[in-house]
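Q: Output the structure for:
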Amino acid sequence: MMNFINTLKDIFKIEELKEKILLTIGLIAVYRFMAAVPLPGIDPTQLTALKDQAGGGLLGLLNAFTGGAFARASVMALGIMPYISASIVVQLMGIAVPYLQKLQKDGESGRKKITQITRWLTILITMFQGPGILD
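A: Model (predicted):
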């Protein structure tokens, strides 16, 4: 047991490792907090009825994978899917849209701009997908 405690102390002596561990703990805390915040316009009584009805089966499994965020109808119930969808859309648009083709060829600055476009598109997709998750 003493060896374990000494190992933990040694981990926090390495500055880069300490920053990574604290960042990971912080991201988990933000996710858990946001998983408790329901989407605006959600009726809590109907949400409770849905949770009781979907206790098992596919919806129960989806709820387990999202850490309970699906049953609470939180924004985090969407997981990473809006970002993946936005990334796919931007990649496909890169074939057809000359501006995105130019950005893909610009190197690092173009990649940063494409990443920014992807993030904004993620927010747009989330605005439509979030309320639709309960329909």
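Q: Mind giving me the packing neighbours of the host helix or strand of Leu17?
A: Here Leu17 sits within helix 15-35, counting by DSSP states H and E. Using 3 or more C-beta pairs under 8 Å, 6 or more residues apart in numbering; DSSP states H and E as the contact criterion, the secondary-structure elements in contact with helix 15-35 are helix 2-11. To be clear about C-beta, it is placed using only N, CA and C from the backbone, and glycine gets the same treatment.
Q: Would you mark the buried spots in the helix holding Leu17?
A: Buried residues in helix 15-35, counting neighbours by 16 or more other C-beta atoms under 10 Å, are found at Ala35.
Q: for this protein, what spans make up the helices?
A: Using DSSP state H, the helices found in the chain span residues 2-11, 15-35, 44-53, 57-65, 81-96, 98-105, 108-132.
Q: Okay, angle between the fifth one and helix 108-132 too, please.
A: Here helix 81-96 points in a direction 130 degrees away from that of helix 108-132 (axes from the mean of the first three to the mean of the last three C-alpha atoms, to 10 degrees).
Q: List the buried residues in helix 81-96.
A: Using 16+ other C-beta under 10 Å as the burial criterion, the residues of helix 81-96 that qualify are 82-83, 85-87, 89-90, 94.
Q: okay if I get the residues you listed as CSV plus distance to Pro38 and pLDDT?
A: What follows is the buried residues of helix 81-96, written out as CSV (distance: C-beta to C-beta, whole Å; pLDDT from 0 to 100):
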residue, distance to Pro38, pLDDT
Pro82, 17, 86
Tyr83, 21, 89
Ser85, 22, 90
Ala86, 23, 93
Ser87, 27, 93
Val89, 27, 93
Val90, 29, 93
Gly94, 36, 90
